[in-house]
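quick one: sequence plus predicted model below, questions after.
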Amino acid sequence: MRWAGYLTAGALAAALLGPWLVVVLLACGVVEGIAQRVPLRRDPQSFAVPALAGGGVLLSLAWVAFKVGALSYGGGFVIIPLMRADAVHQYHWMSAGQFLNAVAFGQVTPGPVVQTVAVVGYAAAGLGGGLLAAAVAFAPSFLFILLGARHFDRLRGNRRVRAFLDGAGPAAIGAILGSAIPLALALGRPWQYAVLAGAAVLLLVLRRGVVLTLLCAGAIGAVVALAGVPVPL
């Protein structure tokens, strides 16, 4: 029952709370630690840090990219609500439709969806911004592996860490599900919802791969555009 609760909390937070999703993930971990009666020395600190006002576009972009790289917990889609809140609503670097395209680019490229941040960086500050965002976003994960690898076995056997992950893990799965809601709301044409439904059938019912689904959906979009049907800009 707790697992289902954490899953639901993560989904609702991703769909409704945007950047505050991180707080929900941390809270689920803490709650599970308490439920398992594991003594927690300290509560994880909130990652909600005020926006960098007046620091310039590149400094703001670097901060956004750092959050993306440092908070990609449980899969890149977890940070979609956070990235969308900054890129679309906080700094207005791109529209909701353009951010949806950025997520699509992150899926098409040979890498994780975290690469969406490079497209966000390009929208904010051109090619230099894209390169900066990519470098800053991937730095935390590389440093985490290089500097913390020798501690992983000890963490795996730590009751506090395992209890925290027992709560935060289901919430992360729910967040991945919930992140699809604001992305779907950014669709601008009725035919796009038909493509969305077809993609859901391919992935969830027919169990086809993501790459095949993306290629089929992209082909449909190309045909629609060549036929003169209005497409979102």
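Arrived safely, thanks for sending.

residue boundaries of the helices in this protein?
With helices called from DSSP state H, the chain shows them at 2-16, 21-35, 57-70, 80-84, 96-108, 116-148, 152-156, 159-178, 180-185, 190-200, 210-226.

who touches the last one?
Think helix 210-226. Contact partners of helix 210-226, identified using Cβ atoms under 8 Å, 6 or more residues apart in numbering, comprise 104, 107, 108, 191, 195, 198, 199, 202, 203, 231. C-beta here means a position set from N, CA and C on the backbone, and glycine is covered the same way.

name the nearest of the residues you listed relative to residue 125.
residue 104 (21.1 Å; Cβ to Cβ).

quick one: that closest one from residue 16, how far?
Computed as Cβ to Cβ, to the nearest Å, the residue 104 to residue 16 distance reads 23 Å.

between those two, tell me which one has more neighbours.
Using other Cβ atoms under 10 Å, the more surrounded residue of residue 104 and residue 16 is residue 104, with 18 against 13.

can you tell me which of the helices of the chain is nearest to residue 90?
Judged by Cβ to Cβ, the one of the helices of the chain that comes nearest to residue 90 is helix 57-70, at 8.4 Å.

check which helices and strands that closest one sits against.
Packing partners of helix 57-70 (3 or more Cβ pairs under 8 Å, 6 or more residues apart in numbering; DSSP states H and E): helix 80-84, helix 116-148.

for it, buried residues please.
Neighbour-count burial for helix 57-70, counted by 16 or more other Cβ atoms under 10 Å, picks out 60, 61, 62, 63, 64, 65, 66, 67, 68, 69, 70.

what mean pLDDT does that helix get?
In this model, helix 57-70 carries a mean pLDDT of 87.

export it to CSV, keeping only CA atoms.
The C-alpha coordinates for helix 57-70 follow below in CSV (Å, rounded to 0.1, in the frame of the first residue of the first chain):
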residue,chain,number,x,y,z
VAL,A,57,21.6,34.0,-19.1
LEU,A,58,24.7,31.8,-19.0
LEU,A,59,24.8,31.6,-15.2
SER,A,60,21.1,30.8,-15.1
LEU,A,61,21.5,28.2,-17.8
ALA,A,62,24.4,26.6,-15.9
TRP,A,63,22.3,26.4,-12.8
VAL,A,64,19.4,24.8,-14.7
ALA,A,65,21.8,22.3,-16.3
PHE,A,66,23.4,21.5,-13.0
LYS,A,67,20.0,20.7,-11.4
VAL,A,68,19.2,18.5,-14.4
GLY,A,69,22.4,16.5,-14.1
ALA,A,70,22.3,16.3,-10.3
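
against residue 30, how distant is residue 187?
For residue 187, the distance to residue 30 - Cβ to Cβ - is 36 Å.

sorry, slip of the keys, the one I care about is residue 116.
Distance, residue 116 to residue 30, by Cβ to Cβ: 29 Å.

the more surrounded of these two?
residue 116 (30 against 17).

does the more buried one touch residue 101 like I think?
No. At 9.5 Å, residue 116 does not count as touching residue 101 under the criterion of Cβ atoms under 8 Å.

residue 17 reaches residue 81, doesn't it?
Yes. Look at residue 17 against residue 81 with Cβ under 8 Å: they come within range, at 7.3 Å.

so the two - more neighbours on which side?
Shown here are residue 17 and residue 81; by other Cβ under 10 Å, residue 81 has more neighbours (25 against 18).

for the more buried one, give me its contacts.
13, 14, 15, 17, 18, 19, 21, 175, 178, 179, 182.

kindly report the same for residue 107.
113, 210, 214.

for residue 97, same thing?
Per Cβ under 8 Å, 6+ apart, neighbours of residue 97: 186, 187, 188, 232, 233.

for this protein, what helix or strand is lowest in average pLDDT?
helix 152-156 (a mean of 74; mean pLDDT, DSSP states H and E).
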